[in-house]
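Visitor: how would this look folded up:
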Amino acid sequence: MTHGPPMSSVDLAHNISSTREKIKAVCREYNRSDDVLLIAVSKTRSADECRNAYTCGQTHFGENYLQEALDKISALSDLNIIWHFIGPIQKNKTRPIAENFSWVHSVDREIIAQRLSQQRPTHLPALKLCIQINIDDEDSKSGIAPEQLPDFAEKIHALPNIELAGLMAIPRAQTDFDSQYNTFNQLRLLLNSLKPELNHCNTLSMGMSNDYTAAIAAGSTIVRIGTAIFGPRRYPKE
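Guide: Residues are numbered from 1 along each chain as shown. Okay, the predicted model is just below:
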């Protein structure tokens, strides 16, 4: 699924450094602690590009497509990469996700969480899960409705071998900061509304290349950046 010439190590190093500096600057501007985690979204990028990004200090990588991800995980098994699955999950694909990833950001069905729990190898740390919220009620987006969260979170929290870490959302594309911020702030308020026994759930996985400034301002703890690091994605021509 990777196409076109790989990005040079020099360009990758510049993009990663620049993105990290921008994140720090946004944190300073909005009085945020400097602990926002950067995930490099590496879908459609080659294993060599991921290796080059790793040599630039990037250790967290996000993948959407399972088979492509498994190929990279195998090719890069000599590196201490932390892999995040951030795409839609089919029921018959849960076992390799449970076995090969440290984080899953896109849980929106109880059966998926149950299977990840059952199939997580017991010798590995608990699999960290984020519940995906369809924050803008878009038919084209995965995720549960906000009003479903309290009951859903309690069910996930009760499962063994996994850890409910927090929430994730992919909002409708908007260009103005205020609209972006207001949407991300809804997710923050949802997280804060969870019962006290779930107060360890402090992850807000929100913000991508075009809106991470507003996401951090609203409280994001993880940003998922692809284009700003690797450049425009290249897909096969039809």
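
Visitor: What's the mean pLDDT across the lengthiest helix in the chain?
Guide: With DSSP state H applied, the helix covering the greatest number of residues in the chain is identified as helix 9-29. For helix 9-29, mean pLDDT is 94.

Visitor: Off-centre distance for it?
Guide: Here helix 9-29 is found 18 Å from its chain centre; the criterion is C-alpha atoms, centre = their mean, to the nearest Å.

Visitor: What residues sit buried inside it?
Guide: 12, 13, 15, 16, 19, 20, 23, 26, 27 (16 or more other C-beta atoms under 10 Å). Heads up, the C-betas are built off the backbone N, CA and C, glycines and all.

Visitor: mind listing what the fourth one touches?
Guide: The reference is to residue 16. By C-beta atoms under 8 Å, 6 or more residues apart in numbering, the residues touching residue 16 are 40, 53, 56, 57, 58, 229.

Visitor: I'd say the third one and residue 12 touch.
Guide: The reference is to residue 56. Yes: using C-beta atoms under 8 Å, residue 56 is in contact with residue 12, at 5.8 Å.

Visitor: Please report phi then psi for residue 44.
Guide: According to degrees, to the nearest 10, the main-chain angles of residue 44 amount to phi 70, psi 0.

Visitor: if I look at it, how far off is residue 169?
Guide: Here the criterion is C-beta to C-beta, to the nearest Å. By it, residue 44 lies 22 Å from residue 169.

Visitor: Equivalent analysis for residue 212, please.
Guide: Separation of residue 212 from residue 169 (C-beta to C-beta): 13 Å.

Visitor: and what of residue 32?
Guide: Distance of residue 32 to residue 169, computed by C-beta to C-beta: 18 Å.

Visitor: you'd agree residue 189 is in a helix?
Guide: Yes: the assignment for residue 189 is a helix, going by DSSP: H, G, I helix; E, B strand; the rest coil.

Visitor: returning to what we had before: between residue 44 and residue 169, which has more neighbouring residues?
Guide: Taking neighbours as other C-beta atoms under 10 Å, residue 44 and residue 169 compare with residue 169 leading, 26 against 21.

Visitor: Identify the bridge partners of the more buried one.
Guide: Residue 169 has these beta-bridge partners by DSSP bridges: residue 133.
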